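have a look at this fold, sequence not included:
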């Protein structure tokens, strides 16, 4: 009986810890989904579903909570955008940006034109301050591949910004 | 000229704590661990049903051949691959499988008043997937709706272990549902000689009660768990994973396509290729595509950069993912993953302008 009570208390703590960890990452997860082309409701649905799945199958987690959960969100966002046929990555319709446009709108506009995978890599590495190893884990590739992806993404973003300046 | 350092610096100026638009701020605040009542309804799909007669025939065949199946796993696989299985297509599609890919198992065990049945299983060089019903529920209907109603139990990885006849234990892998469990791929020697797997489950969850809890409420998982002792068995052969010789390049006056890698399991094919030539040069020099893109840009993309894959009967196959990457210099790099129907011939068309027979390519998945 004492063992049962002790286990129940432990599970409550587990739930509390999970809730706390989820709260810390939920905003980042939402922004990741938004930057991967989901609209406000779509991003909310993605994170909501990911949260429930993560809670049910939390025992399958290896490593830190943050990259593990963001990997679930990225995976949920990998498919074609809802209610649309697959499009070339360069065409992806990007939902209106979630961030107040007063914050470097040029960069946001350039970022939104990158392929989805590059967009996710840059956002995770620089805006969410994750390591390249975690970026690789989330995008399901090696750390070396993640570094190469980031390199290409930075170059692409730089070219977009230069194009924007030339158009002015 | 902007330097890479400047780009990095500007990126870092965005943090995930940036000020969001009000609608997005509200959405973030509303996200919680329990599903919302207002979740958008999703389309239901009719579950596959097996007639009593067909089920009886399959059961009879399995019983008659049980000894032979134990000693000859591939024979059991042949019997089980009859394609009859009460697993909803929607559940299978979620993990990239079709009915015929799954080995029908049917092994069941009863404990604590609940019957668990290992309905089907699949393994290839990438993963092992098991489908388990609880009291006859969980593998039919719409998986998105499962777990919301009383009596819809789920299995947690906390309470399930998978081992093979050599004592190798397989860890959980990926994100799966309450009744479709995904584990690591079969390990040698079981991957080569066939595996006799035991799924041992010691508890099931009343998952509908999670949804009944409000947000931010601690859940006593022990109170949701019914403990028991269920051992389910399956003999499983890992499907092979092949590297396929790339077909000949596709050459047109405006674009050159070169296949750089193709690999396939029984359920999926992954292709890589490059595109070079005037079309690619034109895209590089074109202005950045706007939203919506120009008609000319759209036409070019459809004509030269929109791949499709068809089976031997001309049916277009479902893509899991596809797209292009344009490196700073050199050809465009294409990649696609497509769900296939198993071994056979598949026709690849890399763009609408490449529909002439001599511009399409066939690959054979063994």
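Alright, I've got the coordinates. Predicted model only: the values in this text are computed from it and were never measured.

how far does stretch A:155-168 sit from the chain's center?
From the chain centre to the centre of stretch A:155-168 is a distance of 24 Å (CA atoms, centre = their mean, to the nearest Å).

can you pull the buried residues of it?
Applying a neighbour-count criterion of 16 or more other CB atoms under 10 Å in any protein chain shown, one finds A:156, A:157, A:158, A:159, A:160, A:161, A:164 buried in stretch A:155-168. Placement of C-beta: from N, CA and C, glycine included.

just give me the neighbour total for residue B:283.
19 (other CB atoms under 10 Å in any protein chain shown).

and residue A:18, by the same measure?
Around residue A:18 there are 20 residues (other CB under 10 Å).

what do you get for residue B:249?
13.

which stretches of the stretch 51-200 of chain B form strands?
Per DSSP state E, counting those that start in this stretch, the stretch 51-200 of chain B carries strands over the ranges B:103-111, B:114-124, B:127-134, B:154-155, B:160-163, B:169-170, B:180-183, B:195-205.

how much space separates the closest residue in space to residue B:278 that isn't next to it in sequence from residue B:283?
Distances taken as CB to CB, 6 or more residues apart in numbering or on different chains place residue B:254 nearest to residue B:278, at 4.8 Å, with adjacent residues excluded. According to CB to CB, to the nearest Å, residue B:254 stands 11 Å off from residue B:283.

okay, now the unreliable bits of chain B?
B:1-2, B:15-18, B:33-85, B:157-158, B:173-176, B:210-221, B:286-293, B:320-321, B:328 (pLDDT under 70).

quick one: residue B:108 and residue B:115 touch, right?
Yes: if you go by CB atoms under 8 Å, residue B:108 and residue B:115 touch, sitting 5.6 Å apart.

so what's the nearest residue to residue B:147 once chain neighbours are set aside up against?
Counting by CB to CB, 6+ apart, the nearest residue to residue B:147 once its immediate chain neighbours are dropped is residue B:207, at 4.2 Å. Shown in contact with residue B:207 (CB atoms under 8 Å, 6 or more residues apart in numbering or on different chains): A:56, B:147, B:152, B:153, B:154, B:178, B:224.

top of the residues you listed by number of neighbours, please.
Busiest of the contacts of residue B:207 [other CB under 10 Å] is residue B:153, holding 26 neighbours.

need phi/psi at the residue in the stretch 201-350 of chain B that chain A sits nearest to.
Minimum separation of the stretch 201-350 of chain B from chain A (CB to the nearest CB) falls at residue B:323, amounting to 3.7 Å. Phi and psi for residue B:323, reported as degrees, to the nearest 10, are phi 170, psi 180.

any chance of the contacts of residue B:207 in CSV, with distance to residue B:337 too?
CSV is the format used below for those (distance: CB to CB, whole Å):
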residue, distance to residue B:337
A:56, 26
B:147, 29
B:152, 32
B:153, 33
B:154, 29
B:178, 26
B:224, 37
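
of those, closest to residue B:95?
residue B:178 (13.6 Å; CB to CB).

the closest one and residue B:260: what is the separation?
Residue B:178 is 40 Å from residue B:260, where distance means CB to CB.

now residue B:27
From residue B:27 to residue B:260 the distance is 41 Å (CB to CB).

excluding sequence neighbours, find me the nearest residue to the residue most central in space within chain A.
Chain A has residue A:32 as the residue nearest its centroid, 3.3 Å off, counting by CA atoms, centre = their mean. Counting by CB to CB, 6+ apart, residue A:32 lies nearest to residue A:73, which is 5.6 Å off, once chain neighbours are set aside.

what's the burial count for that neighbour?
With other CB under 10 Å as criterion, residue A:73 counts 28.

doesn't residue A:46 make contact with it?
Yes: at 6.1 Å, residue A:73 and residue A:46 qualify as touching, with contact defined as CB under 8 Å.

need the overlap of contacts for those two.
Here residue A:73 and residue A:46 have A:29, A:33 as joint contacts, going by CB under 8 Å, 6+ apart.

circling back: just the ones of the contacts of residue B:207 in helices?
A:56, B:224 (DSSP state H).

coming back round to it: between residue B:27 and residue B:260, which one's more packed in?
residue B:27 (24 against 13).

what comes into contact with the helix or strand harbouring the more buried one?
Element membership for residue B:27 (DSSP states H and E) is helix B:22-30. If you take CB under 8 Å, 6+ apart as the criterion, helix B:22-30 is touched by A:26, A:27, A:30, A:34, A:40, A:41, A:43, A:44, A:98, B:20, B:36.

looking at those residues, which is nearest residue B:329?
residue A:34 (31.7 Å).

give me the neighbour count for the residue lying closest to residue B:330 once chain neighbours are set aside.
Using CB to CB, 6+ apart and skipping residues adjacent in sequence, the residue nearest residue B:330 is residue B:276, 7.5 Å away. A count of neighbours around residue B:276, defined by other CB under 10 Å, yields 15.

quick one, helices of the stretch 1-150 of chain B?
Using DSSP state H, counting those that start in this stretch, the helices of the stretch 1-150 of chain B run over B:4-13, B:22-30, B:52-64, B:66-71, B:73-80, B:89-94.

ok, chain A next?
Using DSSP H, helices in chain A cover A:2-35, A:40-56, A:65-77, A:105-112, A:116-122, A:132-139, A:143-167.

you'd agree residue B:282 is in a strand?
No: counting by DSSP: H, G, I helix; E, B strand; the rest coil, residue B:282 is located in no strand; its state is helix.

mind listing what it touches?
Residue B:282 neighbours (CB under 8 Å, 6+ apart): residue B:300.

state the distance from it to residue B:276.
Taken as CB to CB, the span from residue B:282 to residue B:276 is 12 Å.

then residue B:114?
Distance from residue B:114 to residue B:276, by CB to CB: 60 Å.

again, but for residue A:106
32 Å.

one more: residue B:149?
In terms of CB to CB, residue B:149 sits 56 Å off from residue B:276.

what's the closest non-adjacent residue to residue 160?
No chain was given, so I picked chain A. residue A:110 (3.8 Å).

right idea, wrong chain: chain B
residue B:201 (4.8 Å).

what count of nearby residues applies to the one you found?
24.

the one 5 residues further on now?
Using other CB under 10 Å, the number of residues around residue B:206 comes to 18.

contacting residues for the nearest residue to it once chain neighbours are set aside?
Take residue B:206 and drop its neighbours on the chain: the residue closest to it by CB to CB, 6+ apart is residue B:224, 4.7 Å away. Contacts for residue B:224 (CB under 8 Å, 6+ apart) come out as B:205, B:206, B:207, B:209, B:210.

can you redo those residues as TSV with secondary structure?
Below are the contacts of residue B:224 laid out as TSV (three-state DSSP):
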residue	secondary structure
B:205	strand
B:206	coil
B:207	coil
B:209	helix
B:210	helix
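
redo those residues as CSV? Include distance to residue B:342.
Shown next, in CSV, are the contacts of residue B:224 (distance: CB to CB, whole Å):
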residue, distance to residue B:342
B:205, 35
B:206, 38
B:207, 34
B:209, 40
B:210, 38
